[in-house]
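J.: turn this into a structure:
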Amino acid sequence: MSPRLAIAVACGLASLWSAQAVSAEPAQKPAALAQPGLYGGAAPFVSVTLTQCLTSVPQSERSAAFLAEMTAVAHSVRMAVRIEIQQRAPGEVSFHTLTAPGLGAWHESVAGVTTYRYLDRVTGLSAPGSYRAVAHFRWLGGGNHQIHQQERHSSSCLVPAG
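T.: Numbers count the residues shown, from 1 in each chain. A predicted model of the protein is given here:
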C-alpha cells in the first residue's frame with residue numbers, strides 16, 4: 001500500500017471514529033465580527049482551527065484535530081460543514097486533498113441552532129509533511145436550499161521527519 005493511500009485510509013477511519021458535532025449554543029459573537037451581511041443581519045462567524053497537532057515518532061501516534069465553527073444567518077433553518085484534510089510533502093508547492101471513506105462528508109446541524117461546531121481528528125500522519133483542513137460551510141433555508149456558503153483554511157500541523 002502506498003504511503004499516501006495508507007494515510008488516507010487512516011484519516012478516513014479516524015474521522016469516522018472521532019468526529020463530533022456540538023450544536024446547541026447561543027450565538028455570542030465579538031462586536032468586531034458583527035459586520036453588516038446578508039439578508040440585513042450580521043455577517044456569519046466562521047472559523048476552522050487546528051486544535052491539536054501530535055508529532056510522535058511512531059506513525060500510529062501522530063494526529064491532528066480540527067474544529068470548524070459557524071453561526072446562523074437570517075433565514076437559515078440549519079447549517080452544514082464539510083472538512084477536507086489536505087497534505088503537502090516537502091518539496092511540493094501546493095496541498096492536495098486526501099481521499100478515504102468518511103473524509104469530506106457533509107455534516108448538518110439540527111434545525112434551529114444558532115451555533116454549530118464540528119470536530120474532526122485524523123491519525124497516522126506520514127512524516128515529514130504538513131497537514132491542514134479546508135472547511136466548507138453552507139447555510140440551508142426552508143426546503144433545504146442553500147442560501148449562503150463560505151470556505152476557510154486552518155493553520156498547518158507540521159510533522160517533522162521521524
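J.: what's the burial count for the closest residue to Gly142 other than its chain neighbours?
T.: Nearest non-adjacent residue to Gly142, counting by CB to CB, 6 or more residues apart in numbering: Val77, 5.8 Å away. C-beta: built from backbone N, CA, C; applies to glycine. Val77 has 18 neighbours, counted by other CB atoms under 10 Å.
J.: would you agree Arg152 is in contact with Ser47?
T.: Yes: Arg152 lies in contact with Ser47 (CB atoms under 8 Å); the separation is 6.4 Å.
J.: which neighbours do these two share?
T.: Shared contacts of Arg152 and Ser47, defined by CB atoms under 8 Å, 6 or more residues apart in numbering, comprise Ala68.
J.: what sits against the residue nearest to Gly142?
T.: Neighbouring residues of Val77 by CB under 8 Å, 6+ apart: Ala111, Gly112, Leu140, Gly141, Gly142, Asn144.
J.: how near is it to Val113?
T.: Distance, Val77 to Val113, using CB to CB, to the nearest Å: 10 Å.
J.: kindly report the same for Tyr131.
T.: From Tyr131 to Val113 the distance is 29 Å (CB to CB).
J.: which one's more surrounded, those two?
T.: It is Tyr131, of Tyr131 and Val113, that has more neighbours when counted by other CB under 10 Å, with 26 against 22.
J.: nearest residue to the more buried one other than its sequence neighbours?
T.: Spatial nearest neighbour of Tyr131, excluding adjacent residues (CB to CB, 6+ apart): Cys157 at 4.6 Å.
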